[in-house]
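*Asks:* quick one, fold the following:
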Amino acid sequence: MTNDKGILIKNIYYMLTYAFQVLRQKNYDEIAAEKFDEVQDLFAAILAKGISQQLKHGLYRVYEDRTESLAVMRGKLDINGTIQNRIQQRQLLSCSYDELTENNVFNQILKTTAVLLLRSDAVKAEQRTALKKVMLFFNSIDTIDPKCISWGLLTFQRNNQNYQMLLNICYFVLEGMLQTTEQGKYKLAQFSDEHMARLYERFVLEYYKKHYTPSVSASASQIKWDLQGETESRDIRFLPIMQTDIILRYNGRTLIIDTKYYGRTMQTQYDTATYHSSNLYQIFTYVKNEDKDASGCVSGMLLYAKTSEAITPDSEYNIGGNPIIVNTLDLNCEFSGIAKQLDSIINKSLGVPLEKRRN
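*Replies:* Numbers count the residues shown, from 1 in each chain. Prediction:
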C-alpha cells in the first residue's frame with residue numbers, strides 16, 4: 001500500500017532503517033517481512049518491537065527529588081517542613097530525598113505515543129495486541145500532553161542511548177501526525193509533508209554514507225560565502241548560513257544535493273508550469289559559492305520526491321559554467337528500484353563506478 005503521496009509504506013520503513021541503524025538489528029527482521037497498509041500501523045509495529053526489546057534491559061530510570069512527611073528519617077531533614085508539622089501537631093519528619101523512578105519524560109513519551117496509536121483505526125489487531133502487551137509494564141508511568149514536550153531538551157547518554165530511535169519514532173507520530181479535534185482531544189492523521197521531508201533528506205544522505213564511503217565523502221556541511229575583499233566580522237554575521245542537505249565529493253568533483261518533498265514539484269503561473277524559482281536560486285547560490293575557483297567541477301541537484309503530476313522534473317542545465325540538475329526520485333516502487341536510482345545519480349553526476357558501491 002501507499003500513503004497519500006504515492007510512497008509505498010514499506011519504503012518508509014526502509015528509509016527509517018537508514019536514518020536509524022538500530023532498525024537493522026535482527027530483532028526487527030519480522031517488521032521488514034510484514035505488509036503495512038498505513039504508516040500508523042508501521043510505527044506501532046516498530047514501537048512495540050522496540051519497547052519489548054528495551055524491557056529486556058529494563059526501562060530507563062532517573063533520580064527525582066521528593067519531599068515527604070515520614071515517621072522515620074530518610075535523606076535530608078527539611079527543617080521548615082518539620083516545623084510546620086509540629087505546629088499542626090503532626091509527629092512527622094519532613095524529609096527530602098532522591099528516588100530512582102521509571103516515571104520520567106522518556107517513558108512518558110513512549111506511553112503517550114502508544115496510547116494514541118492504540119486509539120487509531122489504522123493500527124491492525126496484531127500491532128494493537130503487541131502494544132497492549134508491553135504497556136502492561138507501564139502502569140506506574142503517566143501520560144503527558146504532547147504539546148508540552150520539549151523535544152530539544154531531551155539528552156541521550158550511555159544509560160538511555162537505546163531510547164534515541166524510539167523517541168524519534170514518537171516524534172514523527174506526535175509532531176508529524178497529531179491533530180486536535182473540536183472536543184480538544186488528539187487524533188492521528190497522515191504523516192505530514194514537513195516530517196516526511198526531513199526523513200527523505202536524512203535517508204538520501206545515509207544511503208550514500210552506508211554504500212559509498214570511504215570512496216565518496218558524504219556529509220551535510222555548511223558552505224562559506226565567497227567574499228571578495230575585506231569584510232568586517234560584524235558584517236559577516238548578518239549573512240544567512242548556507243546549510244546543505246547533502247554534499248558528495250569524489251576525485252576532485254563535488255555534487256551538492258538539495259532534497260525536496262512537496263505535494264507538487266512544479267509551480268504554475270498563467271497556466272505555465274515552471275520549477276520553483278526559490279529552489280533554483282538556492283542551489284545555484286550553493287554551487288557558485290562552493291566553486292570559488294570557477295573550476296566547473298561543482299554541480300548542484302534538486303532531488304524531488306516524485307508525485308503523481310503529469311510533468312516529472314528531469315533536466316540538466318549549464319548555468320554560469322556549472323551543471324545544475326533537476327531530478328526526481330520515484331519512491332513508489334520496490335526498494336531495489338530506489339537504490340538503482342540513487343546509484344545512477346552518483347554514477348552520472350560524479351563518475352563513481354557502480355562497483356564502488358558497498359552492500
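*Asks:* model confidence score at the residue nearest to Gly296 when sequence neighbours are not counted, please.
*Replies:* Among residues not flanking Gly296 along the chain, Gly321 sits closest, at 4.8 Å (CB to CB, 6 or more residues apart in numbering). Where C-beta positions appear, they are placed from N, C-alpha and C, glycine not excepted. Gly321 carries a pLDDT value of 94.
*Asks:* quick check: Gly321 touching Ser299?
*Replies:* No - assessed by CB atoms under 8 Å, Gly321 is found out of contact with Ser299, at 10.6 Å.
*Asks:* neighbour count winner among these two?
*Replies:* Ser299 (23 against 12; other CB atoms under 10 Å).
*Asks:* SS state for the nearest residue to the more buried one once chain neighbours are set aside?
*Replies:* In this structure, Ser299 finds its nearest non-sequential neighbour in Pro323, 3.9 Å apart by CB to CB, 6+ apart. What DSSP: H, G, I helix; E, B strand; the rest coil gives for Pro323 is strand.
*Asks:* distance of Ala273 from Asp98?
*Replies:* Distance, Ala273 to Asp98, using CB to CB, to the nearest Å: 63 Å.
*Asks:* how about Ser52?
*Replies:* Distance from Ser52 to Asp98, by CB to CB: 29 Å.
*Asks:* more neighbours, these two?
*Replies:* Ser52 (15 against 12).
*Asks:* looks to me like Gln164 is in a strand.
*Replies:* No - counting by three-state DSSP, Gln164 is located in no strand; its state is helix.
*Asks:* show me the contacts for it.
*Replies:* For Gln164, the contact set (CB atoms under 8 Å, 6 or more residues apart in numbering) comprises Phe20, Val22, Phe156.
*Asks:* so for Ile345, what's the pLDDT?
*Replies:* Here, the pLDDT recorded for Ile345 equals 95.
*Asks:* typed the wrong thing, it's Ile51
*Replies:* 95.
*Asks:* now swap in Ile311 and tell me
*Replies:* Reported pLDDT for Ile311: 69.
*Asks:* swap in Ser277?
*Replies:* 85.
*Asks:* which residue packs closest to it, ignoring adjacent ones?
*Replies:* The nearest residue in space to Ser277 (CB to CB, 6+ apart) is Gln267, at 7.4 Å.
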